[in-house]
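K.L.:
Sequence plus predicted model, see below.
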Amino acid sequence: MKTFKLIAIALFTVTLSVNSFAQTHDHSKMITTKTDSIKVSGNCDMCKARIEKAAKIDGVSKAEWNDETKMITLVYDPAKVKTDDILKKIAAAGHDTEKFKADDKVYAKLPGCCQYDRSK
Ligand SMILES: [Cu+2]
């Protein structure tokens, strides 16, 4: 009976520490980063470099554009920066996004290979 009690106490303790670990984990998840995938028009490696450079503003920890899917993966701190702020920067660099279009004049100044198809 005494042994049983000890085992019960031990199990209870283990359960408690597992619980507190899970909570800590969830909490840290809540206050860290957000990941988004957004379509950005572009063609080549030069576009990739330009888009990623424009997207890496304060609060953005990762910006990776894929020239095949035309999707940019953004990892950022939502407390510091909004998706729209990042997309506006990309548009200002000459690349259309789902939400914001690049200025025609900026687009016209892109190198020929970078002038992606804008037909809608
Ligand atoms: Cu290009």
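P.N.:
Arrived safely, thanks for sending. Numbering: from 1, shown residues only.
K.L.:
drop to CA atoms for contacts and neighbour counts, all remaining ones
P.N.:
Will do.
K.L.:
Up against the ion, what does this protein have?
P.N.:
43, 44, 46, 47, 114 (Cα under 5 Å from the ion).
K.L.:
mind running it again at 8 Å?
P.N.:
42-48, 110-116 (Cα under 8 Å from the ion).
K.L.:
Report the buried members of these.
P.N.:
The neighbour count (16 or more other Cα atoms under 10 Å) marks 42, 43, 47, 48, 110, 114, 115, 116 as buried among the residues of the chain next to the ion.
K.L.:
Read off the pLDDT value for the last one.
P.N.:
It stands for residue 116. Predicted confidence (pLDDT) for residue 116: 97.
K.L.:
List the contacts of the nearest residue to it once chain neighbours are set aside.
P.N.:
Counting by Cα to Cα, 6 or more residues apart in numbering, residue 42 is the residue found nearest to residue 116 once chain neighbours are left out, at 5.3 Å. Going by Cα atoms under 8 Å, 6 or more residues apart in numbering, residue 42 touches 48, 67, 70, 95, 114, 115, 116.
K.L.:
swap in residue 33?
P.N.:
Residues counted as contacts of residue 33 (Cα under 8 Å, 6+ apart) are 75, 76, 77, 78.
K.L.:
Residue 98 touches residue 40, doesn't it?
P.N.:
Yes: shown here, residue 98 and residue 40 form a contact pair, counting by Cα atoms under 8 Å, at 6.8 Å.
K.L.:
Now stretch 36-44 - C-alpha only, PDB.
P.N.:
Taking Å, rounded to 0.1, in the frame of the first residue of the first chain, the C-alpha atoms of stretch 36-44 are listed here in PDB:
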ATOM      1  CA  ASP A  36       2.600  33.900 -44.400                       C
ATOM      2  CA  SER A  37       2.800  32.900 -48.000                       C
ATOM      3  CA  ILE A  38       1.800  35.600 -50.500                       C
ATOM      4  CA  LYS A  39       2.000  35.800 -54.300                       C
ATOM      5  CA  VAL A  40       4.500  38.300 -55.700                       C
ATOM      6  CA  SER A  41       5.100  38.800 -59.400                       C
ATOM      7  CA  GLY A  42       8.600  38.400 -60.700                       C
ATOM      8  CA  ASN A  43      10.800  36.400 -63.100                       C
ATOM      9  CA  CYS A  44      14.400  35.600 -62.200                       C
END
